[in-house]
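Participant: With the input below, show me the fold.
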Amino acid sequence: MNASNKKLVWIGGLVLLAVLCVLPFLVKNFRVFQFNMVMIYAIAILGLNILTGYNGQISLGHGAFYAIGAYGAAILMDGAGVPYWATLPFAAVLCFVFGFLMGFPALRLGGHYLALATFALALAVPQMLKYKKIEHWTGGVQGIVLSKPEPPFELSILGQPLSADRWLYFYTLFVLLIMFLIAWRLLRGRVGRALVAIRDHPIAASAMGINLPVFKSITFGVSAAFTGVAGGLSASVVAFVSPDSFTSFLSITLLVGVVVGGLASIPGAIAGAIFIQYVPNVADEISKSAPWAIYGTFLILLMYLMPSGAAGLVSKIWSRLRPASTSATSSPEGKLS
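Facilitator: Presented below is the predicted three-dimensional model:
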């Protein structure tokens, strides 16, 4: 990337950031809440994509890590009075430990066998959260009701006050940028290349000196940590956690987001999050009697039109436009113009 392109990227990024900062003051609180959920789902999808897209391990159990992160944050806030912002590191470490431990059986499993093992985890965790021995921590079937954090200062832009949802929007946006930066730094270097090598050619990767058991276990842990951070954020944004909020359908939904956004794509997590947040609402508006049939139709059409996901479609369009622009600038006519 030359200097002019870098300058355009920086300008575009700053303009986008300015738009995102003004956006919550242009809509009502419910829309801001939806934006918050999009960013939370994007973090969770990014975590699953690290495991599935980059390392090739299929997981149908990341909803369990999402639940563990949410409950870990909720218990700290409700029982110990820990500030909401201090619960995210705990949720990340807790889920990293669970994910790392889950990575050990994953070493002997692969493909659909690993998918079934992680699916069993997604089925078990909601039931375990209802267990009577830990009911005084988890709230049992009733769950835990929280209070949304109030903004630390008063602010009004375009006649709209800085409400709790708008404050959580900026807080979630900040965490989103941090998590995406961590993922970008992690996956664009030697670690990312090692993960792709393990996914594509595990025998060759082992022959090159890559420690497969260590990398697979740590990848599972890092992936779970990202999802745990998303769960911890959801506890603050939704202000409520219960076992029935984290069914196995959540795990399948996150995997749908990964596929729709594009495997092994960091920006694709945003597109996947938008899909799983808004398409069910659109399907419900189209048909009240059979919304999931409409949702399935949308999903089939997208997979037919975008077999590589949203990121693959953008990459294909860019590759077709780039030769034309390159030839125009390299030709004498392009230079004169």
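Participant: what's around Ala271, how many residues?
Facilitator: Ala271: 21 surrounding residues under other CB atoms under 10 Å. In short, each C-beta sits where N, CA and C put it, glycine included.
Participant: was I right about it contacting Gly312?
Facilitator: No. In this structure, Ala271 is not within contact of Gly312 by CB atoms under 8 Å, at 10.6 Å.
Participant: shared neighbours, these two?
Facilitator: Residues within reach of Ala271 and of Gly312 at once, by CB atoms under 8 Å, 6 or more residues apart in numbering, are Gly262.
Participant: In whichever strand or helix holds Leu195, which residues are buried?
Facilitator: Using DSSP states H and E, Leu195 sits within helix 190-200. Buried positions in helix 190-200, judged by neighbour count with 16 or more other CB atoms under 10 Å: Val191, Gly192, Ala194, Leu195, Val196, Ala197, Ile198, Arg199.
Participant: for stretch 172-180, same thing?
Facilitator: Buried, per 16+ other CB under 10 Å, within stretch 172-180: Thr172, Leu173, Val175, Leu176, Met179, Phe180.
Participant: what does that stretch rub up against?
Facilitator: By CB under 8 Å, 6+ apart, stretch 172-180 touches 20, 36, 39-40, 42-43, 46, 88, 226, 229, 233, 237, 266, 269.
Participant: Just the CA coordinates for that stretch, please, in PDB.
Facilitator: Extracted as PDB, the C-alpha positions of stretch 172-180 are listed here (Å, rounded to 0.1, in the frame of the first residue of the first chain):
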ATOM      1  CA  THR A 172     -19.000  -1.300  23.700                       C
ATOM      2  CA  LEU A 173     -17.500   0.500  20.700                       C
ATOM      3  CA  PHE A 174     -14.300   1.100  22.600                       C
ATOM      4  CA  VAL A 175     -14.100  -2.600  23.600                       C
ATOM      5  CA  LEU A 176     -14.900  -3.600  20.000                       C
ATOM      6  CA  LEU A 177     -12.000  -1.600  18.600                       C
ATOM      7  CA  ILE A 178      -9.600  -3.000  21.200                       C
ATOM      8  CA  MET A 179     -10.600  -6.600  20.500                       C
ATOM      9  CA  PHE A 180     -10.400  -6.200  16.800                       C
END
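Participant: Report the angle between the top helix by length along the chain and helix 190-200.
Facilitator: Ranked by residue count and defined by DSSP state H, the top helix of the chain is helix 212-238. Using axes from the mean of the first three to the mean of the last three CA atoms, to 10 degrees, the direction of helix 212-238 lies 110 degrees away from that of helix 190-200.
Participant: which residues are in contact with the helix holding Leu195?
Facilitator: Helix 190-200 has contacts (CB under 8 Å, 6+ apart) with 50, 54-56, 186-187, 204-205, 208, 210, 212, 215-216, 219, 264.
Participant: How about stretch 95-111?
Facilitator: Applying CB under 8 Å, 6+ apart, the set of residues contacting stretch 95-111 is 57-58, 61, 65, 68-69, 72, 114, 117-118, 121, 212-213, 216-225, 227-229, 231.
Participant: If we ignore the residues flanking it in sequence, what's nearest Val27?
Facilitator: By the measure of CB to CB, 6 or more residues apart in numbering, the closest residue to Val27 outside its immediate chain neighbours is Phe35, 8.0 Å from it.
Participant: Relative to the whole chain's centre, how far out is the strand or helix carrying the one you found?
Facilitator: Per DSSP H and E: Phe35 is located in helix 29-49. Chain-centre distance of helix 29-49: 7 Å, with CA atoms, centre = their mean, to the nearest Å.
Participant: Next: stretch 292-302.
Facilitator: With CA atoms, centre = their mean, you get 21 Å for stretch 292-302.
Participant: Also stretch 231-243?
Facilitator: Its chain's C-alpha centre and that of stretch 231-243 lie 15 Å apart, by CA atoms, centre = their mean.
Participant: Check stretch 7-23 too.
Facilitator: Worked out by CA atoms, centre = their mean, stretch 7-23 lies 21 Å from the chain centre.
Participant: same deal with stretch 203-212?
Facilitator: 29 Å.
Participant: try stretch 302-316
Facilitator: 18 Å.
Participant: tell me how far the ends of that stretch are from each other?
Facilitator: By CA to CA, to the nearest Å, the extent of stretch 302-316 from end to end equals 15 Å.
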